[in-house]
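*Asks:* just coords:
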């Protein structure tokens, strides 16, 4: 019903325009003979065995891929959320059916290098690594949107799972980040009982009792087959999990991008958050709420015509460390003070990324510039400045733009 409503509420030309967006699904492979996927003629690659054969013995990747990009024009089976979006299936499962950080990172880099605009990661675990973080940063630096599952272990301690928490960091409450961490909702809009919660949740999509495509080679025990009236071929069944909420969000992102190709990855993410059922209100259960694809597409189309209301902003500066050192130039004793700066936005549709922030110190009644730098993804900056012993008045300034208002931080700092 949810997909059927999507097809009636999203304009036909937007569904067709989805063909300009390539989505990579990193998973257990895919049954590319399934009618929902065969019609897309997907690109395929197995990063573990370095071959194009991505046969899916598990079934997970087929279910995910069809939800994200199942054909909406073949007259058979179930339509995916991404309209005519292209599919790049990357199989990254190793021995024992597990995903290593090495294989995940290789798959992300492969997806970026082969033109993916969106990467779906319906995988997760409690640990992370520098390798995973570097691959995510590589994708983000190439304006690629990453979407990951928040996890299904609420009743087993509700752990923080990665890569979801690497995309939407713990404590961020839906702000900034490198992508979207997706929780699962029920069809009525509540939190699915298994779905993890926390300050790392971006938004949600239906993930409880989802109907989708089943791989021909998968286990009947784990993937029971159910008939789909009117379907001439292909296997179908029911399953639940944030793994299946995630491709719905990824598909929605493809339609938002199709509606406005000039958007950045962070703007696409912001539009999905801002138009979700929470309408700007964040909660640890569902983030900004359940996606509303029609509203997101309409917002994306309007954004090309008129600017949005300017978002408010604020700056925070935290002193990280202080270490004495001898200046090679003046031979004076200076303290190397490390500062962590964060620019934040009051609206999820307006990101604080790539904004110029200036750090100044007050001397002799005037302000003097110490540093100037552009924020990274998420609005963060790290500065190391040399200060003499004593009291200093510092201020950080973001001068604002049409979409994000100016902000200033000022404080006395003592160096001992």
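*Replies:* On my side now, so go ahead. Given the structure is predicted, the values throughout are model-derived calculations rather than measurements.

*Asks:* From now on I want contacts and neighbour counts done on CA atoms only, so please keep to that.
*Replies:* Noted.

*Asks:* Check which element follows the helix or strand encompassing residue 107 along the chain.
*Replies:* Using DSSP states H and E, residue 107 falls within helix 101-113. Scanning forward in sequence from helix 101-113 by DSSP H and E, the next helix or strand is strand 118-121.

*Asks:* Show me what the very next helix or strand once past that following strand is packed against.
*Replies:* Following strand 118-121 in sequence order, the next helix or strand is helix 130-141 (DSSP H and E). Helices and strands touching helix 130-141, as assessed by 3 or more CA pairs under 8 Å, 6 or more residues apart in numbering; DSSP states H and E, comprise helix 101-113, strand 145-149, helix 164-167.

*Asks:* I'd like to know which of the ones you listed lies nearest to residue 357.
*Replies:* Proximity to residue 357 (CA to CA) singles out helix 164-167 among these, at 23.4 Å.

*Asks:* Which residues does the closest one contact?
*Replies:* Contacts of helix 164-167 from elsewhere in the structure, counted by CA atoms under 8 Å, 6 or more residues apart in numbering, are 124, 133, 136, 146-150, 177-182, 200-201.

*Asks:* which one of those residues is nearest residue 378?
*Replies:* Nearest to residue 378 among those: residue 177, at 4.8 Å, using CA to CA.

*Asks:* can I assume that closest one sits in a helix?
*Replies:* No: counting by DSSP: H, G, I helix; E, B strand; the rest coil, one finds residue 177 to be coil, located in no helix.

*Asks:* State the distance from residue 237 to residue 243.
*Replies:* Taken as CA to CA, to the nearest Å, the spacing of residue 237 relative to residue 243 amounts to 15 Å.

*Asks:* Which of these two has more residues huddled nearby?
*Replies:* Under the criterion of other CA atoms under 10 Å, the comparison of residue 237 against residue 243 puts residue 243 first, with 27 against 19.

*Asks:* Ramachandran angles for that one?
*Replies:* Backbone torsions of residue 243, given as degrees, to the nearest 10, read phi -60, psi -30.

*Asks:* let's have the chain start at 6 instead
*Replies:* Okay, residue one is now 6; in that scheme the one you just asked about reads as residue 248.

*Asks:* what's the closest residue to it other than its chain neighbours in contact with, if anything?
*Replies:* When the adjacent residues along the chain are set aside, residue 248 lies closest to residue 127, with 4.5 Å between them (CA to CA, 6 or more residues apart in numbering). The contact partners of residue 127, by CA under 8 Å, 6+ apart, come to 31, 32, 69, 153, 154, 247, 248, 249, 251, 252.

*Asks:* What pLDDT does the model give the spatially most central residue of the chain?
*Replies:* The structure's the chain has its C-alpha centroid closest to residue 184; by CA atoms, centre = their mean the separation is 2.0 Å. According to the per-residue confidence, residue 184 scores 95 in pLDDT.

*Asks:* phi, psi of residue 281?
*Replies:* Here residue 281 shows phi and psi, under degrees, to the nearest 10, equal to phi -70, psi 170.

*Asks:* show me where pLDDT drops low in the stretch 156-305 of the chain?
*Replies:* Across the stretch 156-305 of the chain, no stretch falls below the confidence threshold (pLDDT under 70).

*Asks:* One more pass at 80, please.
*Replies:* Within the stretch 156-305 of the chain, the stretches falling below the threshold (pLDDT under 80) are 234-237.

*Asks:* all strands of it, in order?
*Replies:* Listed in chain order, the strands of the stretch 156-305 of the chain (DSSP state E, counting those that start in this stretch) span residues 184-190, 208-211, 215-219, 240-244.

*Asks:* by contact count, what packs against the third one?
*Replies:* Under the contact criterion of 3+ CA pairs under 8 Å, 6+ apart, strand 215-219 touches helix 65-74, strand 240-244.

*Asks:* The longest one too?
*Replies:* Here strand 184-190 touches strand 150-154, helix 169-172, strand 208-211, helix 247-264, helix 270-279, going by 3+ CA pairs under 8 Å, 6+ apart.

*Asks:* got the angle for it vs strand 150-154?
*Replies:* Strand 184-190 and strand 150-154 are oriented at 30 degrees to each other (axes from the mean of the first three to the mean of the last three CA atoms, to 10 degrees).

*Asks:* Name the residues that touch strand 184-190?
*Replies:* Contacts of strand 184-190 from elsewhere in the structure, counted by CA under 8 Å, 6+ apart, are 150-156, 169-170, 172-173, 196-197, 200-202, 205-213, 246-247, 250-251, 254, 270-271, 274, 290-292, 295.
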